[in-house]
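S.K.: Sequence first, then the predicted structure:
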Amino acid sequence: MSQSYNRGLVEDFGRWKEFSAGMWAWIFHKFTGWVLVGYLFTHIAVLSTAIPAQQGEMVTNSAGEQVDVYTNTLTLLESTFVVRLLEVGLLAVAVFHILNGIRLLLVDLGIGLESQDKTFYASLVLTGAIVIASVPTFMAGIGGA
Amino acid sequence: MSTQVPETETEAETEAEPAGESHQERRMADKAARREYRESEKKAEAELRAAEESVHLKVFRYDPEVEDKQEPRFDDFYVPYTKGMTVLDALMYARDHYDSSLTFRHSCRQAVCGSDAMFVNGRQRLCCKTQLSEMAEPVRIEPLPHQDVVKDLVVDMEHFYDQMHAVEPYFQSEDVPTEEQRQSRENREKIKMSTRCIWCGACMSSCNIAAGDNEYLGPAAINKAYRFYMDEREDEEELKEHRLRILEQEHGVWRCQTQFSCTEVCPKDIPLTEHIQELKREAVKNNLKFW
Amino acid sequence: MWLLQRVTAAFLVVVLAFHFFLLHFYHHAFEITLMGTQTRMQDVGYFATMWLFLVTATFHGVNGVYNALVNQGISGTPKTAVKAILGLAGLLLVAQGTRVALYMNGFLA
């Protein structure tokens, strides 16, 4: 209750570790959702460099060649380690959101309600596995290659 | 209701009309009460020493009307353990032997009345149904979260009851039935679990959404609505529509985020989330029909 | 709304997976050039998929944020304001995205 009497520390103490699987799933889903919305906006912003590029705007890249803005921006971004790391993070976030989303869709359809906690752990494990498996792909060609 | 309430009432009465009994009589009564109390404490000490095991309780204390209880705190009680003792038994022992002002609701002591739902070791539980042997020590007992604390372990249930009544939990067919209204076995099975609700409020207290959104109907009320919506004995289309309209408001079924907290804490094992999901699908079906 | 959120979710699962595979495993992200993007975007099917992807993702995302705020118990004027801002942001995103996509396939130059 939003206007309930504030029990101070007594109210909050140790509450978070008492959360059940379903609550964690909800919190993660919400958090990853926010991240993905934020990414969607920046993604479109970055891709917007295609407009001046299409109009023939050229820049000189680090190697001294003339390239269009779009290619330059993307290559530049992709060559920084931080961006690569963020991409792996993004993949993790997206994969979890997808898998837990499927879990929620099943719950909405009334399937597997009794094993909802198990499916949550499964989606966590699967996310981890997929992310680790794809790290090489994401890191490919970074060290000057 | 709490057994403590009558006591506080008599206290208030004596303060209000001191002329009622003579000064001496009152002093004698006080003295007798103190003696009795000392004796019960002594008895408890002896029992505690005699008992093979004792249980350590940490109990939430708060009373806005008593000066040194305005700041919430935890009190420790050591209770001699007997086989089969529940959390409620331990609380009653503590109240009867150590501190008669310890306040909590209880009545039937057999998980039927639903008055002793509390937050025990980080989870909403029905105290009379919770074995002490299953609890890690010290056993932390707090009032239900997300509800106003009235005193000690007693919370204000008014909001919960308001939400329960908001779904109109009664049959409302206009025509008086001429003969006995029979229910098929299948239908009985369908609503069986939903009829088991004892209004203890554990689910509502565990719900993250109900904590943030005060207008949310909450799992118990939606389950109540399910019980009537699914009952075949109320089969008028308009009534079903009417019930769905209450449920599909912004603060109705759509607020449920399927966290399963309510289903996990329900002392009567009602599949609350499942019922809410079923009603969501009913609402969608109903809306698609209109298009 | 609830149903729409689920339907878009189901659609997004498929398309997002496709998007990821195509642009990270098939083409590597660091090899993306304007030329490649243009070639892909000239395919009507790909263009349509990407545009639908944009619209559903925006709806799903913006509606998701709105729901998260309603769950926190928002009401009255702040709620109306949030609705307007989120709606506007969503529309702008779709508009800009569409503009970019049209430039990419050479429809607008």
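M.R.: Nice, thanks for sending it over. Numbers count the residues shown, from 1 in each chain, chains lettered A, B, ... in the order given.

S.K.: show me where chain C has helices.
M.R.: For chain C, the helices defined by DSSP state H cover C:2-20, C:34-42, C:44-71, C:77-104.

S.K.: what's the answer for the stretch 101-250 of chain B, then?
M.R.: B:158-166, B:185-192, B:202-206, B:208-212, B:219-229, B:237-247 (DSSP state H, counting those that start in this stretch).

S.K.: Need the winner for burial among these.
M.R.: Of these, the one with the most neighbours on average (mean count of other Cβ atoms under 10 Å in any protein chain shown) is helix B:202-206, at a mean of 28. Using the backbone N, CA and C atoms, a C-beta is placed for each residue, glycine as well.

S.K.: That one near chain C anywhere?
M.R.: No - contact of helix B:202-206 with chain C (Cβ under 8 Å from any Cβ of the partner chain) is absent, the minimum separation being 14.5 Å.

S.K.: Touching that helix from outside, list them.
M.R.: B:117, B:119, B:123-126, B:144-147, B:160, B:163, B:210, B:218-220, B:223, B:261-267, B:272 (Cβ atoms under 8 Å, 6 or more residues apart in numbering or on different chains).

S.K.: So which residues of chain A form helices?
M.R.: With DSSP H as the criterion, chain A has helices spanning A:9-12, A:21-47, A:50-54, A:69-79, A:81-108, A:116-139.

S.K.: What separation do you get for B:Gln181 and B:Pro80?
M.R.: In this view, B:Gln181 and B:Pro80 are 52 Å apart by Cβ to Cβ, to the nearest Å.

S.K.: Same question for C:Val62.
M.R.: For C:Val62 relative to B:Pro80 (Cβ to Cβ), the value is 60 Å.

S.K.: low-confidence ranges in the chain?
M.R.: Assuming you mean chain A. Within chain A, the segments meeting pLDDT under 70 span A:1-19, A:54-66, A:112, A:138-145.

S.K.: try chain C instead
M.R.: C:1-4, C:20-35, C:73, C:106-109.

S.K.: Tell me which residue lies farthest from the centre of it.
M.R.: C:Gly76 (28.9 Å; Cα atoms, centre = their mean).

S.K.: for that one, what are its contacts?
M.R.: Residues near C:Gly76 by Cβ under 8 Å, 6+ apart: none.

S.K.: same check, this time on B:Asp269
M.R.: Per Cβ under 8 Å, 6+ apart, neighbours of B:Asp269: B:193, B:196.

S.K.: next one: B:Leu217
M.R.: B:163, B:166-167, B:225, B:247, B:251-253, B:255.

S.K.: related to what we said a few turns ago, among the helices of chain A, which comes closest to C:Leu54?
M.R.: helix A:21-47 (7.8 Å; Cβ to Cβ).

S.K.: Check the offset of the helix or strand containing B:Glu41 from the chain's centre.
M.R.: Assigned by DSSP states H and E, B:Glu41 belongs to helix B:23-50. Helix B:23-50 sits 32 Å away from the centroid of its parent chain (Cα atoms, centre = their mean, to the nearest Å).

S.K.: where does chain B dip in pLDDT?
M.R.: B:1-21, B:290-291.

S.K.: Which stretches in it count as strands?
M.R.: B:54-61, B:73-80, B:117-120, B:123-126, B:139-142, B:149-151, B:154-155 (DSSP state E).

S.K.: Mind putting these into CSV with distance to chain C and mean neighbour count?
M.R.: Formatted as CSV, those follow (distance: least, Cβ to the nearest Cβ, whole Å; neighbours: other Cβ atoms under 10 Å in any protein chain shown):
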stretch, distance to chain C, mean neighbour count
strand B:54-61, 25, 20
strand B:73-80, 30, 18
strand B:117-120, 22, 26
strand B:123-126, 20, 22
strand B:139-142, 23, 24
strand B:149-151, 20, 21
strand B:154-155, 19, 25
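
S.K.: Just put those in a markdown table and tack on distance to chain A.
M.R.: Output for the strands of chain B, formatted as a markdown table (distance: least, Cβ to the nearest Cβ, whole Å):
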| stretch | distance to chain A |
| --- | --- |
| strand B:54-61 | 6 |
| strand B:73-80 | 8 |
| strand B:117-120 | 9 |
| strand B:123-126 | 6 |
| strand B:139-142 | 7 |
| strand B:149-151 | 6 |
| strand B:154-155 | 9 |
